[in-house]
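Engineer: Based on what follows, work out the 3D shape:
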Amino acid sequence: MDQLALIIGLLLATVVAVGVGDRLKLPYPVLMLILAAFLTFIPGFPELEIPPELILPIFLPPLLFATAQRSSWAVFRVRWRTLLMLAVALVVVSTVVVAGAAWLMIPSIGIPAAIALGAMVAPPDPIAVESVAGRVHMPRRLTTVLQSEGLFNDAAAIVIFQAAVAATASGSKIAPDVVLQFALGAALAVAVGIGMGWVTRVITKLVQAMVARSAVTLVVPFAAYILAEEVHASGVIAVVVTALEIKRHSRPQDAAERVTRTAFWDVVELLVTGLAFGLVGLEVRQVIRTEGSGIFGMIGTAAVVCVLVFVVRFLWLAMMSGLAHGRKDVLRPTSAKEVLILTWCGMRGLATLALALALPLTLADGTPFPARSELLVIACAVLMATLVLPGLTLPWLMRVLKASDDGSEERDAARVLARRAQQAAVAALKDDKLMKELPPEKVALVRDKMTRLHAELLDGSLRNESVDDKRKRGRGLAIAVQTIALDAARKEVVEARNEPGMDPEVADRVLRQLDLRTMIMPE
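Structural biologist: Have a look, this model is predicted:
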């Protein structure tokens with residue numbers, strides 16, 4: 001009962017943290033982490049006991065799914081080079097550098113255990129980045145680079161970690177086929193994700209209740225993750241691919257379902273994120289309490305690793321910026337200002353915590369895992385340094401660098417897409433045979449509404465006529481024709497969302513206005 005009360009308390013605290021964060025202009029996940037860490041100082045405060053092997057399967061699927069829904073396959077086709085450089089290559093480089101430093105500073109740790117530490121602290125967390133970047137008006141180009149990196153880097157880190165722990169436990173070297181294992185696991189995970197996307201489409205066609213169809217999307221991420229892990233594939237990649245496939249096959253006519261599903265997932269993402277970072281805070285404090293005064297002897301090593309994590313990321317991004325010089329089509333940092341911002345946004349989170357807690361207590365022969373306590377302390381130190389410090393100071397950094405985006409680029413993109421939607425609606429009216437059956441005054445009415453559609457999509461207003469006016473003007477065929485025109489507009493936006501170069505979030509914003517405009521139409 002104590003643990004249930006603690007979970008409910010964390011969920012309630014999340015709502016409060018959102019309100020406080022809005023007032024203080026601070027990310028609520030960081031506030032939740034700090035709050036949870038302080039709560040554990042209260043005498044008799046209950047502990048939330050979640051087996052380490054369940055942390056990733058419980059929290060990663062819904063949070064990755066929610067983030068991936070805001071992307072598209074076209075995004076990754078355009079950014080695949082950046083994705084490989086950040087989500088795979090940078091993870092490997094960070095792992096090697098941290099492992100080398102740990103091997104030199106921690107007596108008798110062994111190379112495999114040092115590599116396990118490097119893998120723990122290598123991958124930035126997409127959920128933390130998402131919650132922080134959105135509040136400081138970061139340029140969309142940088143935000144999408146961080147999102148793309150965060151969706152896949154956990155997969156590379158988990159494979160390296162598992163291979164390193166297995167080698168440590170058995171007393172052997174890391175198998176040289178780890179790269180092949182990662183490639184095969186990724187390919188199999190893609191197949192699982194595509195298959196789960198197909199299953200989701202079949203289920204949603206069979207289920208009539210709109211709420212049930214939305215609920216299916218909550219079950220599917222867990223199913224994809226568990227199935228992928230059962231066949232020794234990457235659960236992370238499987239969940240991301242599932243989300244991309246569901247969005248790719250979104251139907252223009254599912255307006256009401258999209259609105260319901262979006263509201264549903266906004267609530268799920270908020271509560272799960274708050275609960276997850278509350279758990280991070282509880283576990284960080286628990287590690288500190290467990291180690292006691294012995295933690296002071298580990299501060300030096302932890303500080304060095306924290307600095308290395310920042311330095312390696314900065315140098316790697318600086319190298320990428322140099323490679324991207326003069327190439328505007330490459331989504332990489334293009335200036336020292338952008339390198340600094342992306343470095344500061346390399347926040348660690350759930351994956352780092354879960355991998356740290358997943359370290360076994362003993363080896364195969366029953367001896368203690370090498371330097372396990374110190375590895376836990378270092379991982380928690382990196383988590384706090386890369387999450388709390390940037391989370392609290394990023395708004396200040398953006399002001400100093402004058403790097404905040406005024407949103408003009410997004411507005412321009414939305415304006416262009418809204419114009420396309422309007423043109424598609426007008427084109428549908430010109431070709432539709434129903435127009436011939438309408439009186440001239442109703443034709444004029446419909447055309448006027450479609451002409452005003454462009455402005456409605458941009459300003460978000462949903463102008464509607466009074467009931468009396470509708471009765472005077474008549475409904476009937478006029479409403480039918482409006483429906484056809486709006487269907488054409490939605491189809492244009494849905495197709496545009498999958499085009500290379502299109503920002504999926506801009507397309508989703510325009511599509512939402514069309515969906516709402518459709519839903520307020522009378523039956």
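Engineer: show me where the stretch 101-250 of the chain has helices.
Structural biologist: Ranges of helices within the stretch 101-250 of the chain are 111-121, 126-133, 140-170, 178-206, 210-230, 235-248, based on DSSP state H, counting those that start in this stretch.
Engineer: Let me have those in JSON lines, adding mean neighbour count as columns.
Structural biologist: (Glycine included, C-beta is placed from N, CA and C.) Converted to JSON lines, those look like this (neighbours: other C-beta atoms under 10 Å):
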{"stretch": "helix 111-121", "mean neighbour count": "27"}
{"stretch": "helix 126-133", "mean neighbour count": "26"}
{"stretch": "helix 140-170", "mean neighbour count": "22"}
{"stretch": "helix 178-206", "mean neighbour count": "17"}
{"stretch": "helix 210-230", "mean neighbour count": "18"}
{"stretch": "helix 235-248", "mean neighbour count": "26"}
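Engineer: ranking the ones you listed by mean pLDDT, which is last?
Structural biologist: Of all the helices of the stretch 101-250 of the chain, the minimum mean pLDDT falls on helix 126-133 (a mean of 69).
Engineer: Output the helices of the stretch 101-250 of the chain as a markdown table; include the columns distance to Leu340.
Structural biologist: As requested, those are exported to a markdown table (distance: least, C-beta to C-beta, whole Å):
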| stretch | distance to Leu340 |
| --- | --- |
| helix 111-121 | 20 |
| helix 126-133 | 14 |
| helix 140-170 | 11 |
| helix 178-206 | 31 |
| helix 210-230 | 34 |
| helix 235-248 | 28 |
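Engineer: So which of those is nearest Ala364?
Structural biologist: Closest to Ala364 of the helices of the stretch 101-250 of the chain is helix 140-170 (C-beta to C-beta; 5.1 Å).
Engineer: could you measure the residue nearest to Ile55 when sequence neighbours are not counted against Val287, distance?
Structural biologist: Closest residue to Ile55 apart from its sequence neighbours, by C-beta to C-beta, 6 or more residues apart in numbering: Ala354 at 4.0 Å. Relative to Val287, Ala354 is positioned 13 Å away (C-beta to C-beta, to the nearest Å).
Engineer: what is the mean pLDDT for stretch 76-92?
Structural biologist: Rounded mean pLDDT across stretch 76-92 is 84.
Engineer: Oops, could you answer that again for stretch 514-523 instead?
Structural biologist: The model assigns stretch 514-523 a mean pLDDT of 70.
Engineer: which residue sits closest to Val231, ignoring its sequence neighbours?
Structural biologist: Nearest to Val231 is Leu188, by C-beta to C-beta, 6+ apart, at 6.1 Å.
Engineer: isn't that neighbour right up against Ala228?
Structural biologist: Yes: under the criterion of C-beta atoms under 8 Å, Leu188 makes contact with Ala228 at 7.3 Å.
Engineer: tell me, what's touching these two both at once?
Structural biologist: Ser234 (C-beta atoms under 8 Å, 6 or more residues apart in numbering).
Engineer: quick one: which of Ala354 and Val287 has more around it?
Structural biologist: With neighbours defined as other C-beta atoms under 10 Å, Ala354 and Val287 compare such that Ala354 has more, 27 against 19.
Engineer: phi, psi of that one?
Structural biologist: Torsion angles at Ala354 (phi, psi; degrees, to the nearest 10) stand at phi -60, psi -40.
Engineer: Just to check, it is in contact with Pro51?
Structural biologist: No: assessed by C-beta under 8 Å, Ala354 is found out of contact with Pro51, at 10.5 Å.
Engineer: Can you tell me how far Val165 is from Pro52?
Structural biologist: 12 Å.
Engineer: Next, show the common contact partners of these two.
Structural biologist: Once C-beta under 8 Å, 6+ apart is applied, the residues that Val165 and Pro52 both contact turn out to be Ala358.
Engineer: Can you give me every residue that contacts the closest residue in space to Thr168 that isn't next to it in sequence?
Structural biologist: Leaving aside its chain neighbours, Thr168 sits nearest to Pro112 (4.2 Å; criterion: C-beta to C-beta, 6+ apart). Shown in contact with Pro112 (C-beta under 8 Å, 6+ apart): 164-165, 167-168, 173-174.
Engineer: can you name the two of these that are farthest apart?
Structural biologist: So, these by C-beta to C-beta: farthest apart are Val165 and Lys173, at 13.2 Å.
Engineer: In which helix or strand does the residue most central in space within the chain reside?
Structural biologist: By C-alpha atoms, centre = their mean, the chain has its centre lying nearest to Thr67, at 2.9 Å. Assigned by DSSP states H and E, Thr67 belongs to helix 52-68.
Engineer: Which other helices and strands does that helix contact?
Structural biologist: helix 126-133, helix 140-170, helix 210-230, helix 235-248, helix 255-291, helix 350-357 (3 or more C-beta pairs under 8 Å, 6 or more residues apart in numbering; DSSP states H and E).
Engineer: For the following helix or strand past that helix, which outside residues touch it?
Structural biologist: Next along the chain after helix 52-68, taking DSSP H and E as the criterion, comes helix 73-83. With contact meaning C-beta under 8 Å, 6+ apart, helix 73-83 is reached by 144-145, 148-149, 152, 244, 248, 320, 330-332, 497-502, 504.
Engineer: in this structure, which segments are predicted with low confidence?
Structural biologist: 1, 40, 130-136, 175, 292-293, 324-331, 406-407, 429-481, 520-523 (pLDDT under 70).
Engineer: What residue spans form the domains of it?
Structural biologist: Using automatic domain parsing, the domains assigned to the chain come out as 2-50+89-181+251-401, 408-519.
Engineer: Which of the three states applies to the nearest residue to Ile58 once chain neighbours are set aside?
Structural biologist: Closest residue to Ile58 apart from its sequence neighbours, by C-beta to C-beta, 6+ apart: Ile50 at 7.2 Å. Of the three states, Ile50 takes coil according to DSSP: H, G, I helix; E, B strand; the rest coil.
Engineer: residues contacting Val307?
Structural biologist: No contacts exist for Val307 under C-beta under 8 Å, 6+ apart.
Engineer: now it: how far from Gly235?
Structural biologist: Relative to Gly235, and taking C-beta to C-beta, Val307 is found at 32 Å.
Engineer: same thing with Lys491?
Structural biologist: 34 Å.
Engineer: With that, I have no additional questions.
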